[in-house]
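**Q** The amino acid sequence is not available; the structure is as follows:
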């Protein structure tokens, strides 16, 4: 079965960087993309960006361009999302989700990783 | 960016009621809309894709419709386990924006 397992919770200071990983299994990694979505406390869902599992091409939300880098490692079927220059309002749960087909359907999700930005 | 405006922002209904949530896009997006259910402490769950297609394993009381700018998620008979926040998302173009969510209570 399809599984996406994310790395554990992180606490970072403002200005630092955080890297969240997402280990995929149960499907052909190269045939799908992965999207990253976050939810800040009490807020809605926000799309951060997408990466191809085939060739690593990326599309980032304009709001994060310059601060976010998404990568994949096909040998370990793992996707990574690094967010730099962290601010207090980056405190959120970060999710990876398998991104499927032309409708970019987010059909399987990781369990979420809580990133807390605190001084 | 395409804005997705959901209404209402919250609603309260009784078990067995028919519940309708709407989502309006700021421009025409064909049928590039997916719907998710989000419960606290859980990952979002896909309910409907491409506006009207029921995801495998999702109860048939959930349905979706619409095209262009106006979309609807319907729960035909609300159940206690449907208490959650529901989000639409457009995937017509990046950034693939979500609506602000509709909180459903009993």
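**A** Yep, it's here. Remember, it's a predicted structure, so these values are computed and weren't measured experimentally. Residues are numbered from 1 along each chain as shown, chains lettered A, B, ... in the order given.

**Q** got the residues of chain B near chain A?
**A** Selection of chain B residues close to chain A by C-beta under 8 Å from any C-beta of the partner chain yields B:1, B:32, B:34, B:36, B:38, B:43-46, B:49-50, B:55, B:85, B:87, B:89, B:91, B:94-101. All C-beta spots, glycine's among them, are computed from the backbone N, C-alpha and C.

**Q** Selection in ChimeraX covering whichever of the residues you listed are buried, please.
**A** Restricted to buried positions by 16 or more other C-beta atoms under 10 Å in any protein chain shown, the ChimeraX selection for those reads:
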select /B:32,34,36,38,43,44,45,46,49,50,55,85,87,89,91,94,95,96,97,98,99,100,101
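
**Q** Now the residue nearest the centre of chain A: closest residue in space, sequence neighbours ignored.
**A** Nearest to the centroid of the C-alpha atoms of chain A, with distances taken as C-alpha atoms, centre = their mean, sits residue A:36, at 3.5 Å. Nearest non-adjacent residue to residue A:36, counting by C-beta to C-beta, 6 or more residues apart in numbering or on different chains: residue A:48, 4.2 Å away.

**Q** for the one you found, helix, strand, or coil?
**A** Secondary structure for residue A:48, judged by DSSP: H, G, I helix; E, B strand; the rest coil, is strand.

**Q** what about stretch A:107-119, how long is it end to end?
**A** Stretch A:107-119 has an end-to-end distance of 36 Å (C-alpha to C-alpha, to the nearest Å).

**Q** got a list of contacts for it?
**A** A:2-14, A:16, A:18, A:20, A:22, A:83, A:86-98, A:100, B:43-46, B:49, B:55 (C-beta atoms under 8 Å, 6 or more residues apart in numbering or on different chains).

**Q** ok, 6 Å please
**A** A:2, A:4, A:6-7, A:9-14, A:18, A:20, A:22, A:86, A:88, A:90-91, A:93-98, A:100, B:43-44, B:46 (C-beta atoms under 6 Å, 6 or more residues apart in numbering or on different chains).

**Q** Now list the buried members of these.
**A** A:4, A:6-7, A:10, A:12, A:18, A:20, A:22, A:86, A:90-91, A:93-98, A:100, B:43-44, B:46.

**Q** Narrow those residues to those in helices?
**A** Using DSSP state H, no member of the buried ones among the contacts of stretch A:107-119 falls in helices.

**Q** Which of those fall within strands?
**A** Those of the buried ones among the contacts of stretch A:107-119 mapping onto strands are A:4, A:6, A:10, A:12, A:18, A:20, A:22, A:93-98, A:100, B:46, per DSSP state E.

**Q** quick one: which two of those residues are the most distant?
**A** A:12 and A:100 (31.3 Å; C-beta to C-beta).

**Q** Kindly report the residues of chain A close to chain B.
**A** For chain A, the contact set with chain B under C-beta under 6 Å from any C-beta of the partner chain comprises A:44, A:45, A:47, A:59, A:61, A:95, A:103, A:104, A:105, A:107, A:109, A:112.
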